[in-house]
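A.B. asks: got a predicted structure here, sequence first:
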Amino acid sequence: MKQLLDLLEGLLPASTPQSRYDFASKIVEMALELKKAMMEELSLYSVFWIECDAKFNDDLVESVDDDPASRVLLCTFPGLARIDRVDGQEVKHIEVKASARLKSSFDIRVSTGVI
């Protein structure tokens with residue numbers, strides 16, 4: 001709080017000490033509320049990655065590849081799951097699917113007879 005008050009004094013030299021203190025108190029209170037809300041959210045949401053060579057699962061993975069029956073080559077962006085507690089058990093809801101490239105997108109294809 002002292003460092004914030006010193007900073008405000010340098011930025012707002014014409015303001016009164018009481019107005020700087022009131023402003024600094026409000027900022028610190030809002031920051032603590034934000035920190036508390038962010039800590040609560042961590043328990044509600046979980047980031048997940050898809051393992052390499054995992055079987056493609058349309059419920060978890062978003063892919064632009066033509067052959068979704070292929071296995072995962074590389075997870076390019078994580079997914080986001082919301083975890084709720086219902087009757088003492090955790091229930092996972094996929095909010096955002098993970099993005100991945102599948103092995104089939106890198107297979108050699110013979111379309112013109114030339115490899």
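C.D. replies: Ah, there it is. Residues are numbered from 1 along each chain as shown.
A.B. asks: now do the SS call for the closest residue to Val96 other than its chain neighbours.
C.D. replies: In this structure, Val96 finds its nearest non-sequential neighbour in Leu80, 4.2 Å apart by Cβ to Cβ, 6 or more residues apart in numbering. C-betas here are computed from N, CA, C, even on glycine. On the three-state scheme (DSSP: H, G, I helix; E, B strand; the rest coil), Leu80 is labelled strand.
A.B. asks: what does Met30 give?
C.D. replies: Classified using three-state DSSP, Met30 is helix.
A.B. asks: what about it, distance to Ala37?
C.D. replies: As judged by Cβ to Cβ, to the nearest Å, Met30 and Ala37 stand 11 Å apart.
A.B. asks: again with Glu51
C.D. replies: Counting by Cβ to Cβ - Glu51 and Ala37 are separated by 32 Å.
A.B. asks: next, the contact list for Ala81, please.
C.D. replies: Ala81 is in contact with Tyr45, Ser46, Val47, Phe48, Lys92, His93, Ile94, Glu95, counting by Cβ atoms under 8 Å, 6 or more residues apart in numbering.
A.B. asks: low-confidence ranges, the chain, go.
C.D. replies: 38, 40-43, 65-67, 107-115 (pLDDT under 70).
A.B. asks: tell me the domain boundaries of it?
C.D. replies: Here the domain parsing of the chain from automatic domain parsing is 1-40, 44-105.
A.B. asks: point out the most buried one among those.
C.D. replies: Of these, the one with the most neighbours on average (mean count of other Cβ atoms under 10 Å) is domain 44-105, at a mean of 14.
A.B. asks: so what's Tyr21 closest to, chain neighbours aside?
C.D. replies: Closest to Tyr21 by Cβ to Cβ, 6+ apart is Leu5, at 6.6 Å.
A.B. asks: thought that neighbour was touching Arg20?
C.D. replies: Yes: taking contacts as Cβ atoms under 8 Å, Leu5 lies within contact range of Arg20: 5.9 Å.
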